[in-house]
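>>> I need the structure of the sequence given here:
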Amino acid sequence: ERFTERADDVEALGFDETFRRLWTFYLAYSEAGFRAGYLDVHHYLFDKKGPTR
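Predicted coordinates:
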């Protein structure tokens, strides 16, 4: 909703109507996926360490 409300600001940044429609679709798809439990978020932290003995 906030993205749609700020469509004029997004356009001022140089993004056209096609981009805004695609991004709105992506956001709606993501919202539905999270609500349905189909999508999830994981955070991984990889750390490069030397050999352990």
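>>> so where's this protein uncertain?
Applying pLDDT under 70 to the chain picks out residues 53.
>>> burial measure for residue 3, as a count.
13 (other C-beta atoms under 10 Å). Every C-beta, even on glycine, is put in place using the N, C-alpha and C of the backbone.
>>> So which residues of this protein form helices?
Here the chain has its helices, by DSSP state H, at 2-5, 7-12, 17-36.
>>> Measure how far the last one is from the centre of its chain, please.
Between the centre of helix 17-36 and the centre of its chain there are 8 Å (C-alpha atoms, centre = their mean, to the nearest Å).
>>> swap in the shortest one?
Its chain's C-alpha centre and that of helix 2-5 lie 14 Å apart, by C-alpha atoms, centre = their mean.
>>> Please identify the buried residues of that helix?
Within helix 2-5, no residue counts as buried by 16 or more other C-beta atoms under 10 Å.
>>> how about the helices of the chain in TSV, adding distance to residue 47?
Rendered in TSV, the data for the helices of the chain read as follows (distance: least, C-beta to C-beta, whole Å):
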stretch	distance to residue 47
helix 2-5	35
helix 7-12	37
helix 17-36	28
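>>> State the distance from residue 22 to residue 1.
For residue 22, the distance to residue 1 (C-beta to C-beta, to the nearest Å) stands at 17 Å.
>>> Looking at those two, which has the bigger crowd around it?
Between residue 22 and residue 1, counted using other C-beta under 10 Å, the more crowded position is residue 22 (11 against 6).
>>> Would you mind measuring from that one to residue 15?
Counting by C-beta to C-beta, the gap from residue 22 to residue 15 is 10 Å.
>>> Quick check: nearest residue in space to the residue nearest in space to the middle of the chain, chain neighbours excluded?
Central residue of the chain (C-alpha atoms, centre = their mean): residue 27, 6.7 Å from the mean position. Leaving aside its sequence neighbours, residue 27 sits nearest to residue 3 (C-beta to C-beta, 6 or more residues apart in numbering; 6.2 Å).
>>> residues contacting the one you found?
Going by C-beta atoms under 8 Å, 6 or more residues apart in numbering, residue 3 touches 10, 23-24, 27.
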